[in-house]
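Undergrad: Would you be able to build a 3D model of this:
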Amino acid sequence: MSKKLEGKVALVTGSGRGIGRSIALKLASDGARVVINDLDAGPAEEVLTEIRAAGGEAEVCLGSVSTPDFAERFIGTAVDKFKGLDIIVNNAGYTWDTVIQKMTDEQWFAMLDVHLTAPFRILRAAQPVIRALSKADGDAGRRCMRKIVNISSVAGLFGNAGQANYSTAKAGIVGMTMTLAKEWGRLNTTVNCVAYGVIKTRLTVATSDADATASIDGREIKVGINPDLVAMMERSIPLGRAGTPEEAAGAVYLFCIPESDYISGQTLMCTGGLTGI
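TA: Next up, the predicted model:
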């Protein structure tokens, strides 16, 4: 039986670790050729090696999605290496929390840059390519559906204390999703969004180390959540636990396969049943 994404070209930002890694591996396992992105070469190369070892095809486009030239490099990698563009997953991101009276301009704009401006630039750069491919499909008498999946959060749908910057950016990506679904329908391209709840990654791991940090985009960002808080959060989830990166990837996959070809402009909550925070 043929794979559902056989021959498709998929681009996934932030795919060296966590949810992005699982998305890249999931799409590759179903036949997609994947452009991997990460800030650091090590994690990106590990995913590249894993995909190729399983018989798949992949390339790496390193760098921060927030830099002005990234979008053109990212889209260019897909076109140059694989001669196509079928799926874009705007996944890269992190959190940098504090209450609004303590939030600096740097914190505010960092979140908007990575969660909202970067997807905007990527999709802006992709539009001429998708338009040309769609026209070529039409001239050849075929219909080929392309898929955009943006990543939001329950914080973007309901707000979350200490996350004015992150919540605002994640609300914005929902608006962008609905707008581009209307603009790109004529290009046979669906645009959807996945809003995550609590997913277990290096940024949300339970830890008692109040000083735990990760170097992200040149900044030392606090990571991890107090174990007692994690336990409280999980008790509020109807399924009784946080999600795994593999489960998070499954939600994105649903929007990439042919069965979702007539679904566009939607936001799917992947939360274990959590409907607010």
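Undergrad: Which residue ranges of the stretch 151-277 of the chain form strands?
TA: 189-196, 213-216, 219-222, 267-270 (DSSP state E, counting those that start in this stretch).
Undergrad: Please dump these into JSON lines; it should also carry mean neighbour count, distance to G138 and mean pLDDT for every row.
TA: (Each C-beta comes from the backbone N, C-alpha and C, glycine too.) What follows is the strands of the stretch 151-277 of the chain, written out as JSON lines (neighbours: other CB atoms under 10 Å; distance: least, CB to CB, whole Å; pLDDT from 0 to 100):
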{"stretch": "strand 189-196", "mean neighbour count": "25", "distance to G138": "13", "mean pLDDT": "98"}
{"stretch": "strand 213-216", "mean neighbour count": "14", "distance to G138": "42", "mean pLDDT": "72"}
{"stretch": "strand 219-222", "mean neighbour count": "14", "distance to G138": "45", "mean pLDDT": "72"}
{"stretch": "strand 267-270", "mean neighbour count": "18", "distance to G138": "29", "mean pLDDT": "98"}
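Undergrad: Just put those in TSV and tack on distance to A181.
TA: As requested, the strands of the stretch 151-277 of the chain are arranged in TSV below (distance: least, CB to CB, whole Å):
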stretch	distance to A181
strand 189-196	4
strand 213-216	30
strand 219-222	32
strand 267-270	11
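Undergrad: between these, which one is nearest to E45?
TA: Proximity to E45 (CB to CB) singles out strand 213-216 among the strands of the stretch 151-277 of the chain, at 17.6 Å.
Undergrad: For that closest one, what is the distance to the chain centroid?
TA: 19 Å (CA atoms, centre = their mean, to the nearest Å).
Undergrad: So for C144, which of the strands of the stretch 151-277 of the chain sits nearest?
TA: The minimum distance between C144 and those falls on strand 189-196, with 9.6 Å, by CB to CB.
Undergrad: List the pairing partners of that closest one within its sheet, with orientation.
TA: Paired neighbours of strand 189-196 in the sheet (DSSP bridges): strand 146-153 (parallel), strand 267-270 (parallel).
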